[in-house]
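> sharing a sequence plus its predicted fold:
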Amino acid sequence: MQRMAELLELRDECGEGTSGAPALAGSCLADNRLNLDVYPDGCRRFLRLFKEQQGEVVQVEFLRLSSNDCLLDTTLGSLPHLKHLKSLVLKGGHARDEFGSYQHGSLTSLPPDFGNLSCLTHLDLSFNRLSTLPSCILHLPSLRMLLVSHNSLVTLPEDFGRLSKLTFFSAMKNQLKDLPQSIGELSMLQNLDLSENALELLPEQIGNLHNCTELDLSGNRLLSIPDSLANLKSLHRLHLHSNLLVTVPASLASLPNLSRLDLQNNCLRAIPAEIQTLPFVHIRGNPLGETEPSLQPDKSSTRRLKRLFLASGEGSFTVTSEGCRVVLACGIHFYFPPGAASEPLQIRFRSLTPDPQWVKLRHHDVLLSRVLELQPHGVQFQQEVQIWMPYISPQTPHQHEVVVRTFSEQSWSDLKTRVKKRRKSKKCVAYCCVLHFSWFLVVSRLVQNECKVPAEGTLLFSSVDPNIKVIFPPGVTKEPRSVKLQVLPVCAEEIQEITASAGCRASPLLYLSQDSTVDFLKPVRIQLPLPPGVTGLNLDQSQLHILHGDLEGQSWNDITSEVVLEFTHLYAVFEVTHFSWYWLWYTTKTYIGGIAKKVYERLRLYQVNFIALQRKKDPEQVLLQCVPKHKVDPVLKKLQNRYRGPEPSDMVEMFEGEQFFAAFERGISIDMDRPDCVDGRLSFIFYSHLKNMKEIYVTSPVDRKGQAVKGQVSFYRGAVPDSIPEDASRRRKGPDSLWLATLPIKLPQLKPRWDESPGPLYGFSFPPLNLGNAETGYLTQANLLSIARRVGADWQNIGLNLGLTYQQIERIGYNNREDLNKQILDMLFSWAQQNSEDPGCVSKLIRAMQESGRQDIADEVEAIIELGRQKYSESIRRVGLEQESSTEDSAIAMT
């Protein structure tokens with residue numbers, strides 16, 4: 001064929017032109033075959049032949065064309081005239097881009113009358129841009145072999161089973177998420193390749209492929225496989241490696257012709273004995289022997305259990321030996337099976353704002369919930385208790401996974417977690433099993449693959465990128481040790497933007513860790529894909545660098561000269577003896593370590609904007625929020641009916657868990673006694689998926705009565721990571737060097753502070769009040785005055801939710817009809833006097849504020865109560881009355 005191509009090319013170059021067409025046709029049409037994919041202008045040649053020698057061309061039975069050809073669309077219209085066509089190849093991959101990578105073809109569809117090719121038995125559409133399978137393919141009655149690998153297919157048609165004569169089907173390297181049930185109707189299918197897709201479930205009907213001899217499902221996201229696979233009596237080879245399988249049916253061992261079963265690199269903790277003893281089973285890369293908690297309660301016992309529904313403000317419940325199911329107002333669920341507690345046990349709980357000094361997030365972690373504290377700490381349950389925690393669905397790509405993290409033994413650790421989306425509410429929940437209570441939160445982390453490395457060695461794949469492999473040779477360790485692998489894909493465009501260089505490219509970022517401090521006895525082989533656009537054909541080894549990063553990514557060292565690099569067409573392979581971060585770079589730059597450090601730091605930063613809005617009905621109420629850049633427009637649209645203010649600040653960059661402060665300036669101030677006020681500045685913690693929002697009341701100096709106050713609020717960095725890039729912060733000199741942004745605040749008129757008014761308040765005189773109790777925290781008269789200043793026009797709604805009758809609200813409004821402030825004070829203190837003896841009155845006040853849409857006041861009351869509890873605990877501790885706390889309590893107190 002190559003010789004034929006050379007002769008034909010030479011003939012064209014000699015200038016035979018049209019007169020040479022018959023000779024050209026004779027050479028290409030030998031044996032009714034027309035192979036034009038070897039020519040860069042193959043479609044042009046086909047069109048010329050079709051025009052000048054149509055009688056011969058329509059007799060062609062085998063045709064090959066390149067889908068990288070610019071005239072492909074024009075050529076497709078002529079193909080249905082080839083009524084005798086038996087084999088058609090329209091593959092891409094015949095051209096390369098500027099970096100040497102193979103380019104996919106331009107084919108996205110086929111003409112409708114393509115289905116008239118009644119003799120077509122072989123169709124190859126690989127390496128194209130198909131997002132759906134053209135419907136005309138289902139009308140090819142003789143089709144036996146269909147290849148659509150390396151496309152972008154998400155699903156197959158529901159009536160795919162119409163291809164009843166199909167014997168070979170390959171759809172590898174697509175994006176298939178599920179399969180139609182009709183696939184079971186392909187009764188003649190012998191070879192099915194669905195590897196490297198995104199399949200999570202298989203239909204039971206796949207067990208109807210009785211003639212199938214080879215089935216490749218590797219590189220998907222399968223958690224399980226149907227028992228019906230045991231019906232494939234003709235099956236010789238079954239490939240299931242690099243999935244997420246937690247179990248396989250024992251019935252696979254009964255397949256009479258099975259000669260290879262590949263289960264490597266899954267999540268199998270146990271394999272049925274019937275399968276494990278088979279000589280042709282491959283099981284490396286599975287966490288065999290590790291226990292996995294059962295996360296599904298027995299349904300029959302669940303129906304008999306008592307259910308407890310706790311209202312907002314309640315902070316405890318009692319569990320007996322009979323067990324129960326508990327639902328908190330915030331959406332958290334507990335399942336205590338019968339016998340979990342041997343005697344009645346009071347469970348206390350509370351939701352805490354995460355403190356970055358205590359909640360230490362790892363690099364690339366994303367916090368998805370508040371901290372849940374469950375007491376008593378350390379009490380051992382007789383059976384595992386389930387905790388179901390709702391979380392904010394992360395806007396993170398597939399390389400992240402959601403886990404529940406708990407604090408125990410002075411550190412945070414991840415629990416075995418499953419996630420699901422509730423059908424009715426569509427909310428996401430993460431659930432896990434525990435034997436004792438502590439602190440819990442939900443995070444999104446990089447997908448983690450792990451395995452036990454025995455003395456005989458093993459193989460570990462990445463489920464994010466199966467091309468990344470770690471090979472442990474025999475004798476690599478004396479004692480088994482646990483190894484974890486995480487991968488962070490890096491977008492080529494992102495690297496180019498950060499480095500301002502089109503010549504810098506990098507492979508996915510690989511992080512390896514182990515549970516032993518001892519290096520491996522033998523070198524461990526690591527396989528990484530070459531950076532985008534780099535292949536073994538165009539590789540310049542002088543531009544390739546292996547970088548090793550420390551655990552915190554603070555420094556990146558070029559270790560290229562210290563390792564032996566091996567290359568294939570697509571991969572680089574090297575050996576190491578200790579684990580950390582590894583990164584493969586391709587660049588002409590010399591000081592690559594500094595560039596990698598800058599890129600790594602920027603990958604952890606979020607682009608955000610600051611918002612400062614004032615409530616339209618009450619300009620003294622100010623809403624401050626730090627919003628990720630992509631959420632700014634939806635947030636402003638949601639708030640525009642109730643708030644007004646300036647445009648958001650310019651974009652700045654912040655780390656997950658970074659502290660920042662808001663300072664009111666130029667004549668505007670806030671209450672300095674707030675628990676979240678530090679040196680006159682309001683403290684915030686930025687978490688990309690939580691609401692970084694506070695509503696507060698501002699004041700202005702008394703001596704400026706009647707004048708508008710034009711002030712501002714400025715945002716400053718707080719505890720900043722050491723490795724923050726210089727261009728991520730704004731440069732101001734002096735004490736304000738960590739300034740981020742400034743937004744204007746304008747108060748139209750100045751109102752006197754109620755608690756600074758001389759004499760009885762607006763004609764009211766109230767006896768001293770202490771709502772609540774010392775242990776849970778008091779609300780004093782001064783606290784109620786501070787709360788009253790924040791109520792505004794919502795006082796009637798709040799009063800009704802507090803339990804006042806409509807007639808009482810009407811009377812208060814009429815008696816104080818000339819003064820809104822008097823209406824608020826009368827309502828609030830009337831309720832307080834009526835409920836001063838009720839120990840749960842503070843919880844009622846918080847709940848009423850929430851039900852009235854005033855979460856800002858509810859948060860303020862909770863902050864006051866929390867501060868009171870802390871002061872009470874400190875006073876008890878000083879006089880030596882506090883009981884000795886657990887080790888974990890002490891650890892938290894120290895933080």
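That came through fine.
> any low-confidence regions in the stretch 701-850 of the chain?
701-706, 719-736, 749-770, 772-778 (pLDDT under 70).
> same check on the stretch 301-450 of the chain?
Checking the stretch 301-450 of the chain against pLDDT under 70 turns up 301-304, 312-313, 396-398, 423-425.
> can you give me the helices for it?
Counting by DSSP state H, counting those that start in this stretch, the stretch 301-450 of the chain forms no helices at all.
> which stretches of it form strands?
306-309, 316-319, 324-327, 333-336, 345-352, 366-367, 371-375, 385-391, 400-408, 411-414, 418-421, 428-434, 439-446, 448-453 (DSSP state E, counting those that start in this stretch).
> please apply the same query to the stretch 51-200 of the chain.
Under the criterion DSSP E, counting those that start in this stretch, the stretch 51-200 of the chain contains strands at 62-66, 87-91, 122-124, 145-147, 168-170, 191-193.
> for those strands, give me CSV that also has distance to L820.
Heads up, the C-betas are built off the backbone N, CA and C, glycines and all. Converted to CSV, these look like this (distance: least, CB to CB, whole Å):
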stretch, distance to L820
strand 62-66, 78
strand 87-91, 76
strand 122-124, 78
strand 145-147, 76
strand 168-170, 74
strand 191-193, 74
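> Serialize those strands to CSV and add fields for mean pLDDT.
Below are the strands of the stretch 51-200 of the chain laid out as CSV (pLDDT from 0 to 100):
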stretch, mean pLDDT
strand 62-66, 88
strand 87-91, 91
strand 122-124, 94
strand 145-147, 94
strand 168-170, 95
strand 191-193, 94
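> put together JSON lines for those, with mean neighbour count on each row.
Formatted as JSON lines, those follow (neighbours: other CB atoms under 10 Å):
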{"stretch": "strand 62-66", "mean neighbour count": "21"}
{"stretch": "strand 87-91", "mean neighbour count": "20"}
{"stretch": "strand 122-124", "mean neighbour count": "19"}
{"stretch": "strand 145-147", "mean neighbour count": "19"}
{"stretch": "strand 168-170", "mean neighbour count": "20"}
{"stretch": "strand 191-193", "mean neighbour count": "20"}
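> what bridges to V709?
L747 (DSSP bridges).
> I figured it hits T699, correct?
No: V709 lies out of contact with T699 (CB atoms under 8 Å); the separation is 9.5 Å.
> what is in contact with the two at once?
Taking CB atoms under 8 Å, 6 or more residues apart in numbering as the criterion, V709 and T699 both touch I668.
> CA atoms only: put stretch 646-658 into CSV for me.
C-alpha atoms of stretch 646-658 as CSV (Å, rounded to 0.1, in the frame of the first residue of the first chain):
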residue,chain,number,x,y,z
PRO,A,646,-22.5,49.9,45.4
GLU,A,647,-21.2,47.5,42.8
PRO,A,648,-19.1,44.6,44.1
SER,A,649,-15.4,45.1,44.7
ASP,A,650,-12.7,44.3,42.2
MET,A,651,-11.8,40.6,42.1
VAL,A,652,-9.3,39.4,44.7
GLU,A,653,-7.9,35.9,45.4
MET,A,654,-8.3,34.0,48.7
PHE,A,655,-7.4,30.6,50.1
GLU,A,656,-10.0,28.1,51.4
GLY,A,657,-10.2,28.7,55.2
GLU,A,658,-8.4,32.1,55.1
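> could I get the average pLDDT for it?
Taken as a whole, stretch 646-658 carries a mean pLDDT of 89.
> what residues sit buried inside it?
Under the neighbour-count criterion of 16 or more other CB atoms under 10 Å, stretch 646-658 has P648, S649, V652, E653, M654, F655, E656, G657, E658 buried.
> equivalent analysis for stretch 265-272, please.
N265, N266, C267, L268, A270, I271.
> between these, which is nearest F567?
Distance to F567, by CB to CB, is smallest for N265 among these, at 23.5 Å.
> what kind of secondary structure is that closest one in?
Three-state call for N265 (DSSP: H, G, I helix; E, B strand; the rest coil): coil.
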